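Peer 1: okay, structure incoming, though there's no sequence with it:
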């Protein structure tokens, strides 16, 4: 930090040369930087204080650039609301993922929980004649229980989150294949027996835009979680545990209890995604969203939430999901081959984490 | 034997009416998984035929698609058990080739079902669907059904970016059947016919089908013909069309013959689908093993192909002249899953 010439002078000169000139040196112990820090450093500081700024800037720039490249088709209200629909499920999963990542964990099982819960709700409501509301309640309870199971292994058995959820990912996927027989539940059968399951796929149109309730649900999930994380004591505890668990415990926070609640809530949000996914996809498809876990992590990382925990706003994950959606839509409309879309998203992840590392240097 | 028990092998012994001559013939069926309805049907066909012919059948399956180790262990168990023949759907066409080579050295007849080995002659024979022909069938049907093929705007919903053989065979077969110059038959998307609106990938499921259809509608909302790699992708495409009220504008064709897919033909979601026959692949396979055990004869490939074609049938409720097809009602008795 600049020039902190620190040494004090109080004794008589004793004959050694360097000591004789000490009196002329700066006698202050330390001082704050008061020179203008330069544009880059100011940016670094600004971003450190407000990490969501990066994804917001990237999103705005991406929309502008693709608007120029792909033209009016990209900018149409229909396309912009279509992007919103297309990212809605991964977006909700990313909200669940953000909760875990904020505690310096990672959850590979989010999409598996979601698909399993959609299969459970579907089997109950469509084939077994259970009232749809009851089937959904079972799914919500099941999602929460699945999340708590992850939390149990992380807090009580002390397994790393990565390993825990790597295991439960397989477990939930196998259960899903067993329950569904790898066979989809058809859209027409859902319409006949349990149309409420498809509620989030409905929507309304205005000025050529088509907004589904599922898109609004995604935004609502983010806003509620943002409120919980930023305006409640629980939320502060989540950030504290994620930033420095030991310090949090010394401050009297029961870290295990906080973590358990985070995993449970994350599982519950996955069950919300399960309901929304039935509306989005139209049918209940046990083979869909196999890579949903990785896509949710992509959204979180691109959204500027630090994988080291405790830093980043959950709204970042929303912007992260939208950035990925905008890139895919824009590249597609610019007639770029699918494999180059995959390529571009890969670079986006690397870039996002590199920026995160650079911002983190401020605190050293 | 211990290993076999660990892997949960099930053995169906010759029943009372089984031929005495074949009583000591053992056969193995090794599928990619035992949850996918396609393989469940395969197992059903093999079991029924084995019971009928008095062959002792052991069945094995990988845990997931791509589970090479379990399949290798299963082949080794079959060699150790002295089986006469092995029917296998290789999870990895290349990785399984060496171990089935060992089986053939032990004079075991190896038949690949559904998925060929690379190279195909790593096995004694391959019993599979002619996927190019399946595509051609629905392409021809679509051309006849549309009346004015010149006004077609075609969206193609493929499998994934790696363009595996089943993917390009069905896609290119469809375009050729429809009457479009496909250029390189192994390359998806090199066509320059303006009637092709575009290709996108679906991963063969509903979610991917819906997203891909939405994307292609963004390119051209006038799409009136949709090819899909399989029936789940077709169901997703239909949802996308329905969401924007275009479900009556576009004709959807597909390949597979799964029961939900056939039901979707009956419901008017899919115009036509080409049905494949996993049950036949397996029961023909058992017959081939019986023939090999009796006098050493090996199956001969279908003419002009490097595999034995187990057949494809067009399923539609709107038959067109010159193209044999069956109705969805009939197909519901033959579908798998």
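Peer 2: Alright, I've got the coordinates. Quick caveat: nothing in here was measured; it's all calculated off a predicted structure.
Peer 1: for my notes, confirm residue B:58 occurs in a strand.
Peer 2: Yes - assessed with DSSP: H, G, I helix; E, B strand; the rest coil, residue B:58 lies in a strand.
Peer 1: what count of nearby residues applies to it?
Peer 2: 22 (other CB atoms under 10 Å in any protein chain shown). Bear in mind the C-beta positions are built from the backbone N, C-alpha and C, glycine included.
Peer 1: just the one 4 residues further on next, same as before
Peer 2: Residue B:62 is flanked by 25 other residues according to other CB under 10 Å.
Peer 1: which non-adjacent residue is nearest it?
Peer 2: residue B:70 (4.6 Å; CB to CB, 6 or more residues apart in numbering or on different chains).
Peer 1: swap in residue A:204?
Peer 2: Residue A:204 sits nearest to residue A:211 (CB to CB, 6+ apart), 6.0 Å away.
Peer 1: contacting residues around the one helix or strand the residue nearest to residue B:62 maps to?
Peer 2: Taking DSSP states H and E as the criterion, residue B:70 maps to helix B:68-80. Applying CB atoms under 8 Å, 6 or more residues apart in numbering or on different chains, the contact partners of helix B:68-80 are B:3-4, B:7, B:9, B:26, B:28, B:30, B:32, B:58, B:60-63, B:86, B:88, B:90-92, B:95-96, B:99-100, B:102-103, B:106, B:108.
Peer 1: show me how far that helix is from its chain's centre.
Peer 2: 23 Å (CA atoms, centre = their mean, to the nearest Å).
Peer 1: buried residues of it, list them for me.
Peer 2: Across helix B:68-80, burial judged by 16 or more other CB atoms under 10 Å in any protein chain shown covers B:70-75, B:77-79.
Peer 1: kindly report the same for stretch A:166-183.
Peer 2: A:168-169, A:172-173, A:175-177, A:180, A:182-183.
Peer 1: next: stretch B:216-230.
Peer 2: B:216-219, B:223-230.
Peer 1: could you tell me the end-to-end distance of that stretch?
Peer 2: 17 Å (CA to CA, to the nearest Å).
Peer 1: do the same with stretch A:231-250
Peer 2: 22 Å.
Peer 1: got the contact list for that stretch?
Peer 2: A:99, A:102-104, A:228-229, A:251, A:253, A:255, A:258-259, A:261-262, A:309-311.
Peer 1: show me which of the residues you listed is closest to residue A:285.
Peer 2: The nearest member of the contacts of stretch A:231-250 to residue A:285, counting by CB to CB, is residue A:99 at 25.5 Å.
Peer 1: who's in contact with that closest one?
Peer 2: A:225, A:238, A:262, A:265-266, A:269, A:314.
Peer 1: how about residue A:104?
Peer 2: Neighbouring residues of residue A:104 by CB under 8 Å, 6+ apart: A:242, A:245, A:307-310.
Peer 1: who's in contact with the closest residue to residue A:129 other than its chain neighbours?
Peer 2: Spatial nearest neighbour of residue A:129, excluding adjacent residues (CB to CB, 6+ apart): residue A:193 at 7.8 Å. Neighbour list for residue A:193: A:125-127, A:129 [criterion: CB under 8 Å, 6+ apart].
Peer 1: how close does whichever residue of chain A sits closest to chain B sit to residue A:201?
Peer 2: Closest approach of chain A to chain B (CB to the nearest CB) occurs at residue A:282, with a separation of 3.2 Å. Distance of residue A:282 to residue A:201, given as CB to CB, to the nearest Å: 7 Å.
Peer 1: now do the shared contacts for the two.
Peer 2: Common neighbours of residue A:282 and residue A:201 (CB under 8 Å, 6+ apart) are residue B:239.
Peer 1: looking at the two, which one has more neighbours?
Peer 2: Just comparing residue A:282 and residue A:201: by other CB under 10 Å the higher neighbour count belongs to residue A:282, 28 against 23.
Peer 1: which bits of the stretch 251-364 of chain A sit near chain B?
Peer 2: Residues of the stretch 251-364 of chain A lying close to chain B (CB under 8 Å from any CB of the partner chain) are A:277, A:280-283, A:285, A:287-290, A:329, A:332-333, A:335, A:337-339, A:342.
Peer 1: again, only this time at 6 Å
Peer 2: A:281-283, A:285, A:287-288, A:332, A:338-339 (CB under 6 Å from any CB of the partner chain).
Peer 1: can you select the buried ones among the residues you listed for me in PyMOL?
Peer 2: Buried residues among those (16+ other CB under 10 Å), as a PyMOL selection:
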select buried, chain A and resi 281+282+283+285+287+288+332+338
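Peer 1: and which of the residues of the stretch 251-364 of chain A next to chain B is nearest residue A:296?
Peer 2: Distances from residue A:296 to these, taken by CB to CB, are shortest for residue A:288, at 14.0 Å.
Peer 1: sorry, back to before: just the buried residues of stretch B:216-230 now: which is nearest chain A?
Peer 2: residue B:218 (5.9 Å).
Peer 1: and residue A:331, what helix or strand is that in?
Peer 2: Per DSSP H and E: helix A:314-333 holds residue A:331.
Peer 1: I misspoke; the intended subject was residue B:157.
Peer 2: Short version, using DSSP H and E: residue B:157 is in strand B:154-158.
Peer 1: what do you get for residue A:298?
Peer 2: helix A:292-302.
Peer 1: number of nearby residues for residue B:184?
Peer 2: Residue B:184: 11 neighbours (other CB under 10 Å).
Peer 1: excluding sequence neighbours, find me the nearest residue to it.
Peer 2: residue B:190 (5.5 Å).
Peer 1: for the stretch 201-337 of chain B, which segments count as strands?
Peer 2: Secondary structure of the stretch 201-337 of chain B, counting by DSSP state E, counting those that start in this stretch: strands at B:225-228, B:251-256, B:272-276, B:308-309, B:312-316.
Peer 1: name the residues that touch the longest one?
Peer 2: Here strand B:251-256 makes contact (CB atoms under 6 Å, 6 or more residues apart in numbering or on different chains) with B:134, B:138, B:142, B:170, B:225-228, B:230-231, B:234, B:237, B:270-274.
Peer 1: so how far is that strand from its chain's centroid?
Peer 2: Chain-centre distance of strand B:251-256: 14 Å, with CA atoms, centre = their mean.
Peer 1: cool, the first one as well?
Peer 2: Going by CA atoms, centre = their mean, the spacing between the C-alpha centre of strand B:225-228 and its chain's C-alpha centre is 18 Å.
Peer 1: name the strands paired with it and say parallel or antiparallel.
Peer 2: When pairing is defined by DSSP bridges, strand B:225-228 lines up against strand B:154-158 (parallel), strand B:251-256 (parallel).
Peer 1: reformat these as CSV; add mean pLDDT and mean neighbour count.
Peer 2: CSV is the format used below for those (pLDDT from 0 to 100; neighbours: other CB atoms under 10 Å in any protein chain shown):
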stretch, mean pLDDT, mean neighbour count
strand B:154-158, 96, 27
strand B:251-256, 96, 28
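Peer 1: those into TSV, with extra columns for distance to residue B:318?
Peer 2: Shown next, in TSV, are those (distance: least, CB to CB, whole Å):
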stretch	distance to residue B:318
strand B:154-158	18
strand B:251-256	10
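Peer 1: for these, which one sits closest to residue B:46?
Peer 2: The nearest among those, by CB to CB, is strand B:251-256 at 19.9 Å.
Peer 1: run the angle between the closest one and strand B:272-276 for me.
Peer 2: If you take axes from the mean of the first three to the mean of the last three CA atoms, to 10 degrees, strand B:251-256 sits at 0 degrees to strand B:272-276.
Peer 1: how about the residues of chain B near chain A?
Peer 2: Counting by CB under 6 Å from any CB, chain B sits next to chain A at B:35-37, B:161, B:201, B:205-207, B:210-211, B:214-215, B:218, B:232, B:235, B:239, B:260, B:267, B:337.
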